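Q: Kindly return the folded structure for what I paste below:
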Amino acid sequence: MLIAGFPAGAWGTNCYLVAPAAGEECVIIDPGHQAAQGVEETLKKHRLKPVAVVLTHGHIDHVASVVPVCGAHGRPRLDPPRGPLHDERPGEGPRPLIGMPLMGELTVGEPDDLKELTDGSKLTLAGLEFGVSHAPGHTKGSVTFTMPEAADIPPVLFSGDLLFAGSVGRTDLPGGDHAELLRSLARVCLPLDDSTVVLSGHGPQTTIGRERATNPFLNGLDAAPRRGL
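A: Next comes the predicted model:
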């Protein structure tokens, strides 16, 4: 399996391209602020063909390059529940943000092909299987993606801004809820095997085992049953 990630834009948001191998189809996760060029360079470097863009949540640092990336390749976007821009401005639809300038580029509008992710669903994209878990707390619609262990490759969690190396996502923005984030950590992260590699929305990779042992936000949390995964 090939996972190529790079930090993009002013917030250093991690964008990931996931494929069975070089030269095959891939999925793009969280093409955020100023990520379009990095996406194109990574596609070219590994000879990849994108089949979909998937989003962990709707904050602008994770979605700002969705329209150029989807438009360049004619690929669908798969959104968290309620749609990402509803997370960014609760109660508002996406239309007021279309074309609004942000640090020299345009914020996201709506690609032509838009699908909503559901909790507990399984996605088969580019020959890979992704499990989807609703993980509110950082935003109301946040989701994570898991990939099962395969051959000599450990399981993987794309945690978005739920879990970081040594920390967790902030909850002081609109739609944030710290108690809900702790419940999501208990339900989504703690039941995973210690060997699970965590690829988060910001910062370096880590593992569930390392975070279980050292992350202060996980102290005292007990694993809760996961729904449908």
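Q: OK, contacts around the spatially most central residue of the chain?
A: For the chain, T56 is the residue whose C-alpha lies nearest the centre (CA atoms, centre = their mean; 3.2 Å). Listed by CB atoms under 8 Å, 6 or more residues apart in numbering, the contact set of T56 reads 29-30, 62, 80, 142-145, 158-162, 201. Just so you know, the C-beta spots here come from the backbone N, C-alpha and C atoms, and that holds for glycine as well.
Q: So which of these is the closest to R47?
A: I29 (18.9 Å; CB to CB).
Q: Tell me, how many residues neighbour the closest one?
A: Using other CB atoms under 10 Å, I29 is surrounded by 25 other residues.
Q: That one contacts T13, correct?
A: No: I29 is beyond contact range of T13, at 10.6 Å (criterion: CB atoms under 8 Å).
Q: By mean pLDDT, flag the weakest helix or strand of the chain.
A: Lowest by mean pLDDT, DSSP states H and E among the helices and strands of the chain is strand 101-102, with a mean of 40.
Q: Now do R187 against G131, distance only.
A: In this structure, R187 and G131 are 13 Å apart, going by CB to CB, to the nearest Å.
Q: of the contacts of T56, the lowest pLDDT goes to which?
A: Lowest pLDDT of those: P80, 52.
Q: and whichever helix in the chain runs longest, C-alpha only, in CSV?
A: Ranked by number of residues, the top helix in the chain under DSSP state H is helix 36-46. Extracted in CSV, the C-alpha atoms of helix 36-46 (Å, rounded to 0.1, in the frame of the first residue of the first chain):
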residue,chain,number,x,y,z
ALA,A,36,-3.6,21.6,-5.0
GLN,A,37,0.0,21.9,-6.2
GLY,A,38,1.2,19.3,-3.8
VAL,A,39,-1.6,17.0,-4.9
GLU,A,40,-0.6,17.4,-8.5
GLU,A,41,3.1,16.8,-7.8
THR,A,42,2.3,13.7,-5.7
LEU,A,43,0.0,12.3,-8.4
LYS,A,44,2.7,12.8,-11.0
LYS,A,45,5.5,11.4,-8.8
HIS,A,46,3.7,8.2,-8.1
